[in-house]
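# Have a look at this prediction, sequence included:
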Amino acid sequence: MKFGYTILYVDSVAETMEFYGRAFGLEKKMLHESGDYGELETGATRLSFASLALIGGGGFSPARPSVGKPSFEIALVTDDVQSAVANAVDAGARLIKEPEQKPWGQTVAYVADNNGFLIELCTPVGGG
């Protein structure tokens, strides 16, 4: 078995994908013609988005993201966390926590995306 993708439920898939392109440099892999589902190029796994309307039609009622009470985070790895944070904030992300050097060698910062999801921007584990 392998990890294939993560889906975040959002109001607007297209707007969210555009935000991730501007804020994090991620490229669109596909956006369904309905606008209810899309995927970004992120390497071996995909970061996907589905509309709240789509998941709601399946009988689910997803919770809204809460930075103060996150149930998960998305981690994006970069060699330059400071620049990644600046770019994300310039694109409209909300700074949650400034870059901090961790004892295990990572630099880690947190921002919130345009929907309120918590995004960790970090160097590789053991990197600088």
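Received, thanks. Residues are numbered from 1 along each chain as shown.
# who's in contact with stretch 46-54?
The contact list for stretch 46-54 (C-beta atoms under 8 Å, 6 or more residues apart in numbering) reads 4-13, 16-17, 20, 26, 29, 35-40, 62, 74. Bear in mind the C-beta positions are built from the backbone N, C-alpha and C, glycine included.
# How about stretch 4-12?
16, 35, 39, 45-52, 55, 62, 74, 115, 117.
# Sort out for me which of the residues you listed are in helices.
16, 52, 55 (DSSP state H).
# Compute the first-to-last residue distance for stretch 28-35.
Stretch 28-35 stretches 13 Å from its first residue to its last (C-alpha to C-alpha, to the nearest Å).
# what comes up buried for that stretch?
Going by neighbour count (16 or more other C-beta atoms under 10 Å), the buried part of stretch 28-35 is Leu31.
# Give me the buried positions along the lowest-mean-pLDDT helix or strand in the chain.
The helix or strand of the chain with the lowest confidence, counting by mean pLDDT, DSSP states H and E, is helix 52-56 at a mean of 90. Neighbour-count burial for helix 52-56, counted by 16+ other C-beta under 10 Å, picks out 52, 54-55.
# Only the buried subset of the contacts of stretch 46-54, as a ChimeraX command please.
With 16+ other C-beta under 10 Å as the criterion, this ChimeraX line picks the buried residues out of the contacts of stretch 46-54:
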select :7,8,9,10,13,16,17,20,26,36,37,38,39,40,74
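# for the longest strand along the chain, packing partners?
Assignment by DSSP state E gives strand 94-101 as the longest strand of the chain. Here strand 94-101 touches helix 81-90, strand 107-112, going by 3 or more C-beta pairs under 8 Å, 6 or more residues apart in numbering; DSSP states H and E.
# Let me have the ones you listed in TSV, extended by mean pLDDT, mean neighbour count and distance to Ser66.
Below are the helices and strands packed on strand 94-101 laid out as TSV (pLDDT from 0 to 100; neighbours: other C-beta atoms under 10 Å; distance: least, C-beta to C-beta, whole Å):
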stretch	mean pLDDT	mean neighbour count	distance to Ser66
helix 81-90	98	17	19
strand 107-112	98	21	10
